[in-house]
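Undergrad: Model the structure of this input:
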Amino acid sequence: MTRKLAKKGNMNDRMDVALNKFRSRMTSYPPGMCPLVMYRSILQMSMNQSCGKCVPCRDGLVEAERMLRDILNGDATEETLEKLETLCRMISETADCAVGVVAANTVLDSLTEFADEYESHIKNKRCVPGSGQTVPCMTLCPAHVDVPGYVALIRKGDYAGAINIIRDRNPFPTACAMVCEHPCEKKCRRAIIDQPINIRGLKKYAVDQVAADQVKTPPANVKTGKTVGVVGGGPSGLTAAYFLALMGHKVVVYDEHEKLGGMLRYGIPEYRLPKARLDEDIKAILSAGDIEVHLNTKIGRDITVEELKEKYDAVYLGLGAQLGNRMPVENANAKNVIPAADFLQAVANGEKIDLTDKRVVLIGGGNVAMDAARTAVRLHAKTVNVFTRKRDDYTALESEIESAMQEDVRFRTLLSFLNLEEDKEDPERIAAVWLQPEIVGEYDNFGFVTTEHSSAYPYRFKCDYLIMGVGQRCDVEDFGKAGIPTERGRILADESCSVDGTEGFFAGGDCVTGPSTAINAIAAGQVAAHNIDEYLGYHHKIVCEAEVPAAMPNKCIPTGRAEIEERDAFERRDDFDHVEIPMTPEEAERESGRCLRCDHFGCGTMEGGRCAW
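TA: Model (predicted):
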């Protein structure tokens, strides 16, 4: 028989094209949808993949799908749920291949993960109250900014209006345009057609056209006579101050640094966020109302928590995680060992750290670690090597990792830390880092791969300077001593930002959640401001004077995404100038025109609480 090579463009190739398009529908699954509908879709896909050779998979999955359909229709009972669980356990234990096993285990996982949803469908014949499709970008933005609104204004050319729409929820349009992790893009419905809208890029285009401090803030309400103390002049504290001032309250901000900005100023390098641009946001915030600022003021040293209680009608604690962690190992306090957060703050404060011809090792894979690695490159380090135990430990944005690689930062995984070797000539320094090779194992309950020690010999890596990117913490010790409830370095507060059992005190951001992103800190400041206003006996509304253009239908023609380009790596690695190249007007116009205006089209709601599938 004549043998032939696979014909180009055969059925499998054409199916791969279709599957790639289908994959984007899964990643852009709209928030708010009934999870049982999603699980039924997965089950139906698994049924189609079955080869039909074994009964558990061939017939069992069909029966499981029928039961799930009855649950969604409101035609099921508690007995149906028990039968579904029993059936899926049988399929998982007896199916011949992964198709049946994984499909059954997926349904079993859903019975635990979404037990409340199953219960609501069986007892109430409907989804959990509040279910319904929402606008993906607005929902996934922690501050819930009206993204379609400001994108439409950018398309219209009204950049001041776009900034006002952003500031209706987020008073840091410039800073977020440069450093936000843009979670708003994760489920953008444009991905169904091609790729998500470059939301952060469009926001940056707007603030590049009109500086934030040149756009007038909304008028403040009449003065209420109430005063609010805000501890922390970073994104969370200043956000709370901004909204409280607009509401008519007098705000007094305390910060221990020489300048406002918190981690935006002292934790993010100049090449990512030029401080002159950050000052544009801060100037606009301070112009919003009656805001008084006390710099170089530390709680516990210059003013006590008791004094805050006495002086103010309410207090907001918006401290950032500015203290870098050290690993609890011998020699961790050596002269040439420094936490990543401390390293970045030292550079931001103008300290002369000369890494010329130094071999730098960095342990950690978060955004702070990437900032430290790229900063070390700019301080003329001979080599910069980043080590993590596993690939999952690289939690930094893919774009940051890619940019670091372009700048010659080297990455190694599957190496766990063992110990630090003391320098025999100078006992106050370390000479090398010892690392243990690892091998990958099973996945844990959170979907992350586990590792275990390899039989390979430990690895000695010579090191002139070690940066520990192993997390940060907040300085809450004085608050704990004063009776503010804390636990493991965090202030205990609920989702309304009210401090547990402490009248008139609110807290949010890193000091409550642990180290997080700027937009999460901003969201906490916004929530706290509104709840403080309610606590003080008011219910103020802040007027947004920008008007969103009417939505026009989109033809849904596949179009490329306009990316933000960076300066050449061999040029940018030698200075701290801003790395990003602005979008052109043509790019911004085309990119904003890709928006599907989901605030008007395509986001229905559940009909009477019933699944609208």
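
Undergrad: wait, what's in contact with Val135?
TA: Val135 makes contact with 147-148, 598-599, 603, according to CB atoms under 8 Å, 6 or more residues apart in numbering. (Glycine included, C-beta is placed from N, CA and C.)

Undergrad: Just the ones in helices from these, please.
TA: Per DSSP state H, helices hold the following members of the contacts of Val135: 147-148.

Undergrad: Make JSON lines from the contacts of Val135 and add neighbour count, pLDDT and distance to Pro582 to it.
TA: Formatted as JSON lines, the entries for these read as follows, by neighbours: other CB atoms under 10 Å; pLDDT from 0 to 100; distance: CB to CB, whole Å:
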{"residue": "Val147", "neighbour count": "28", "pLDDT": "97", "distance to Pro582": "20"}
{"residue": "Pro148", "neighbour count": "23", "pLDDT": "96", "distance to Pro582": "22"}
{"residue": "Cys598", "neighbour count": "21", "pLDDT": "92", "distance to Pro582": "27"}
{"residue": "Asp599", "neighbour count": "20", "pLDDT": "91", "distance to Pro582": "27"}
{"residue": "Cys603", "neighbour count": "20", "pLDDT": "73", "distance to Pro582": "32"}
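
Undergrad: Can you tell me which of the contacts of Val135 comes closest to Lys4?
TA: Nearest to Lys4, judged by CB to CB, of these is Cys598 at 47.9 Å.

Undergrad: quick one, phi/psi of the closest residue to the closest one other than its chain neighbours?
TA: Using CB to CB, 6 or more residues apart in numbering and skipping the chain neighbours, the partner closest in space to Cys598 is Val135 (4.8 Å). The phi/psi pair for Val135 (degrees, to the nearest 10) reads phi -70, psi 120.

Undergrad: From Lys204, how far out is Val135?
TA: 21 Å (CB to CB, to the nearest Å).

Undergrad: so what's Met138 up against?
TA: By CB under 8 Å, 6+ apart, Met138 lies in contact with 144-148, 184, 599.

Undergrad: Reformat those residues into CSV and put distance to Asp313 next to each item.
TA: Shown next, in CSV, are the contacts of Met138 (distance: CB to CB, whole Å):
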residue, distance to Asp313
His144, 27
Val145, 29
Asp146, 31
Val147, 34
Pro148, 37
Cys184, 35
Asp599, 37
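
Undergrad: Now do the SS call for the closest residue to Ser50 other than its chain neighbours.
TA: Residue nearest to Ser50 in three dimensions, not counting chain neighbours: Cys57, with 4.8 Å by CB to CB, 6+ apart. Put simply, Cys57 is helix when judged by DSSP: H, G, I helix; E, B strand; the rest coil.

Undergrad: What count of nearby residues applies to Cys57?
TA: By other CB atoms under 10 Å, the residues close to Cys57 number 26.

Undergrad: Now do the contacts for Met370.
TA: By CB under 8 Å, 6+ apart, the residues touching Met370 are 396-397, 400-401, 404.

Undergrad: of those, buried ones?
TA: The neighbour count (16 or more other CB atoms under 10 Å) marks 396, 400-401, 404 as buried among these.

Undergrad: Tell me the one among those nearest to Ala98.
TA: Taking CB to CB as the measure, Ala98 lies nearest Ile401 of the buried ones among the contacts of Met370, at 30.9 Å.
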